[in-house]
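Student: Predicted structure and sequence below. I'll ask about it afterward.
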Amino acid sequence: MSNKPKASIVRIIQSDYLALLGVLFPTISLIMYISVAYFGYFPGFRGHDPIQGTEGAPLFFYLFVAGLVVGIPVAIWRIRSIQQIFSKSVEVVGQVTNISFYKDRGRVEYSYTYQGQNYSGGNAIMKTGKTQQLRSGNQVVLLVNPDDPKRALIRDLYI
């Protein structure tokens with residue numbers, strides 16, 4: 001039985017910028033479509049006209065379809081990519097070299113040594129309780145892909 005940690009899909013979506021965008025884009029465009037098509041209201045668009053239909057509803061429907069076609073596969077790819085790193089990774093201790101946020105999103109950069117070679121990497125992240133605890137100089141446990149040591153993640157952000 002393996003004692004490797006497993007990445008939580010919820011934590012991946014909360015922490016990873018691409019995964020969150022892949023889920024949010026179709027969700028928000030569906031809400032916008034329903035708002036215009038069925039309730040006749042969305043700021044910036046005319047109200048519902050039962051004979052002519054609602055202006056803007058087709059746009060939001062197409063955005064929803066585009067979100068499904070693009071966003072969901074991106075989210076699935078990103079979730080699987082992170083889960084794959086978890087399944088075949090090696091844990092190493094690294095150090096946060098920089099972290100910055102702009103509104104609700106940010107970037108964390110770190111450095112680490114794997115098999116005697118120095119590496120640096122980073123991830124686009126969302127502002128959450130866990131990511132706000134990170135500080136430059138903090139030591140973190142990184143999961144390094146042994147087949148591609150340039151790919152690493154901060155373990156605790158995803159479990």
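Tutor: Yep, that arrived.
Student: Which secondary structure element is home to residue 66?
Tutor: Taking DSSP states H and E as the criterion, residue 66 maps to helix 57-66.
Student: got the contact list for that helix?
Tutor: Under the contact criterion CB atoms under 8 Å, 6 or more residues apart in numbering, helix 57-66 has outside partners 25, 26, 29, 30, 32, 33, 35, 36, 37, 42. The way it works is simple: take the backbone N, C-alpha and C, and place the C-beta from them, glycine included.
Student: Identify the residue spatially nearest to the fourth one, adjacent ones excluded.
Tutor: Leaving aside its chain neighbours, residue 30 sits nearest to residue 64 (4.8 Å; criterion: CB to CB, 6 or more residues apart in numbering).
Student: Any stretches of the protein with poor pLDDT?
Tutor: Applying pLDDT under 70 to the chain picks out residues 1-2, 40-56.
Student: Please enumerate the strands of it.
Tutor: Secondary structure of the chain (DSSP state E): strands at 90-102, 105-114, 117-126, 139-144, 152-154.
Student: if we compare those, which one ends up closest to residue 14?
Tutor: Across the strands of the chain, residue 14 has its closest neighbour in strand 117-126 (6.3 Å, CB to CB).
Student: Just want the angle from that closest one to strand 105-114.
Tutor: 160 degrees (axes from the mean of the first three to the mean of the last three CA atoms, to 10 degrees).
Student: For strand 117-126, which helices and strands make contact with it?
Tutor: The criterion is 3 or more CB pairs under 8 Å, 6 or more residues apart in numbering; DSSP states H and E, and the helices and strands that strand 117-126 contacts are helix 9-15, helix 17-39, strand 105-114, strand 152-154.
Student: which non-adjacent residue is nearest residue 86?
Tutor: Nearest residue to residue 86, sequence neighbours excluded (CB to CB, 6+ apart): residue 7, at 4.6 Å.
Student: I'd like to know how far that neighbour sits from residue 97.
Tutor: 23 Å (CB to CB, to the nearest Å).
Student: Same drill for those two, tell me which one is more crowded.
Tutor: residue 7 (24 against 16; other CB atoms under 10 Å).
Student: before we move on, back to that, report the contact partners of the residue nearest to residue 86.
Tutor: Listed by CB under 8 Å, 6+ apart, the contact partners of residue 7 are 79, 82, 83, 86, 158, 159.
Student: So which of those residues is the closest to residue 134?
Tutor: Residue 134 lies nearest to residue 158 out of the contacts of residue 7, by CB to CB, at 13.3 Å.
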